[in-house]
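Chemist: Just need the structure, nothing else, for what follows:
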Amino acid sequence: MSSSETSRASRTPVMREVPAPGAAVVARGGRLRVDLNAGWRFVRDEESARGSSPADRNGHVPTFESLDAAELVNLPHSVRLDPLNASGGRNFQGVCWYARELRVREEWRGRIVYLHFEGAMHIVDV
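Modeler: Numbering: from 1, shown residues only. A predicted model of the protein is given here:
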């Protein structure tokens with residue numbers, strides 16, 4: 001290993017252990033970061049992919065309780081995994097629902113809490 005590789009490697013921060021899903025870690029600046037990627041309920045609305053929106057069906061929006069039988073997934077997550085070209089080059093174009101319970105900790109009382117989502121496919125309501 002050359003001296004430039006050694007010096008570059010020593011400057012690179014390395015996370016020695018990956019926190020378990022749901023684990024809390026203290027980030028730089030003393031901020032608490034909680035991993036919320038595990039344990040989401042997921043439902044793909046097949047009717048919406050055929051052109052029928054939830055609003056067309058009397059505004060049907062599932063409640064958290066109605067998603068009890070939903071598939072349990074971890075994020076990041078793909079709406080549908082199809083074989084190459086199975087869809088004729090067209091991805092699923094419908095509505096999907098994700099739900100997850102978030103327990104607010106007592107020690108958060110009186111503090112500013114941010115909920116950060118890294119991405120969504122197109123349109124999102126939180």
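Chemist: what's around residue 40, how many residues?
Modeler: With neighbours defined by other Cβ atoms under 10 Å, the count for residue 40 comes to 19. For the C-beta atoms, the positions are set from N, CA and C on the backbone; glycine is no exception.
Chemist: shouldn't it be in contact with residue 71?
Modeler: No. With contact defined as Cβ atoms under 8 Å, residue 40 does not count as touching residue 71 (9.1 Å).
Chemist: who's in contact with stretch 104-118?
Modeler: The set of residues that contact stretch 104-118 without belonging to it, under Cβ atoms under 8 Å, 6 or more residues apart in numbering, is 102, 124, 126.
Chemist: What about the residues you listed, which are in strands?
Modeler: With strands defined by DSSP state E, no entry of those lies inside them.
Chemist: Let me have these in CSV, extended by distance to residue 94.
Modeler: Rendered in CSV, the data for the contacts of stretch 104-118 read as follows (distance: Cβ to Cβ, whole Å):
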residue, distance to residue 94
102, 26
124, 14
126, 19
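Chemist: Please name the spatially closest residue to residue 37 (chain neighbours excluded).
Modeler: Nearest-residue entry for residue 37: residue 75, 4.3 Å, with adjacent residues in sequence omitted and distances by Cβ to Cβ, 6 or more residues apart in numbering.
Chemist: How much space separates residue 110 from residue 96?
Modeler: Summarising the geometry, the distance separating residue 110 from residue 96, computed by Cβ to Cβ, to the nearest Å, is 35 Å.
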